[in-house]
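Chemist: give me a model of this one.
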Amino acid sequence: MSKLIKSGTILLAEPFMLDQNFKRTAVLLVDHGKEGSIGFILNREVDMRVDELVDDFPEFDAPIYYGGPVGTDTVHYLHAKGDLLEGSDEVAKGVYWGGDYNQLRFLIRQELIKPRDIRFFVGYSGWSENQLEEELSLGSWVTAPTYANYVFKSDPQKLWSQVMDHKGNAFSVIADMNEEPNYN
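Modeler: Model (predicted):
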């Protein structure tokens, strides 16, 4: 396993990736091991609220994001309330994955979890054993550290460029490149 890849790493799609599932995406890895990897696309908002998608969910003005092309019949969540939500896994400082679903609904009803504290995802991004390492060796992804602000405070439309720019040097130039190669 590569030391570049671990839970809590952001994967930035290389600027001219052709795969429409991942073009200009920032993916937060939440699990990486010998059996494969799981992550969520942080910058693909879906025009729907979580309480519109999930039955018996409290009224909650939080958007849904497209987490990836795998398991699109599932809903996942990243949040900043690991101290309140039992069963959460910390994937980066201040960023937690999952936790007790019934307790989550209770905390939302009690207004202890606000929309700014959580991101919901339909589906996820998945890689089989060694697949991600191979894609990295081919230059399909650029790695970056995760900060809670990327997940909960950054504008999703600008996140890919923001994280690229924060890497500095040549990555700052890449961050400003037009999406269409003919315009660069």
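Chemist: got a pLDDT number for the nearest residue to Lys93 once chain neighbours are set aside?
Modeler: In space, and not counting its chain neighbours, Lys93 is closest to Ala148: 6.6 Å by Cβ to Cβ, 6 or more residues apart in numbering. All C-beta spots, glycine's among them, are computed from the backbone N, C-alpha and C. We have a pLDDT of 96 for Ala148.
Chemist: same thing with Asn182?
Modeler: So Asn182 comes in at 51 (pLDDT).
Chemist: list the contacts of His76.
Modeler: Neighbouring residues of His76 by Cβ atoms under 8 Å, 6 or more residues apart in numbering: 40, 67, 97-98, 120-121, 124.
Chemist: got a winner among those for most neighbours?
Modeler: Most neighbours among the contacts of His76, by other Cβ atoms under 10 Å: Gly67, with 31 neighbours.
Chemist: contact partners for that residue?
Modeler: Going by Cβ under 8 Å, 6+ apart, Gly67 touches 39-41, 76, 121-125.
Chemist: again with Val27
Modeler: By Cβ under 8 Å, 6+ apart, the contact set of Val27 is 10-13, 39-42, 68, 125.
Chemist: now do 10 Å
Modeler: 9-13, 37-44, 67-68, 124-125, 127, 132, 141 (Cβ atoms under 10 Å, 6 or more residues apart in numbering).
Chemist: any buried residues in stretch 95-112, and which?
Modeler: 95-99, 104-105, 107-108 (16 or more other Cβ atoms under 10 Å).
Chemist: reformat the contacts of Gly67 as CSV; add secondary structure and pLDDT.
Modeler: Converted to CSV, these look like this (DSSP: H, G, I helix; E, B strand; the rest coil; pLDDT from 0 to 100):
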residue, secondary structure, pLDDT
Gly39, strand, 98
Phe40, strand, 98
Ile41, strand, 98
His76, strand, 97
Phe121, strand, 98
Val122, strand, 97
Gly123, strand, 97
Tyr124, strand, 98
Ser125, strand, 97
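Chemist: of those, which is the nearest to Arg24?
Modeler: The nearest member of the contacts of Gly67 to Arg24, counting by Cβ to Cβ, is Ile41 at 10.1 Å.
Chemist: burial check on the residue lying closest to the closest one once chain neighbours are set aside, number of neighbours?
Modeler: Counting by Cβ to Cβ, 6+ apart, Ile41 lies nearest to Thr25, which is 4.8 Å off, once chain neighbours are set aside. Neighbour count for Thr25, taken as other Cβ under 10 Å: 24.
Chemist: quick one, grab the pLDDT at Thr25.
Modeler: Note for Thr25: predicted pLDDT of 95.
Chemist: run through the residues that contact it.
Modeler: Under the criterion of Cβ under 10 Å, 6+ apart, the neighbours of Thr25 are 10-13, 17, 19, 39-44, 66, 68, 125, 141, 159-160.
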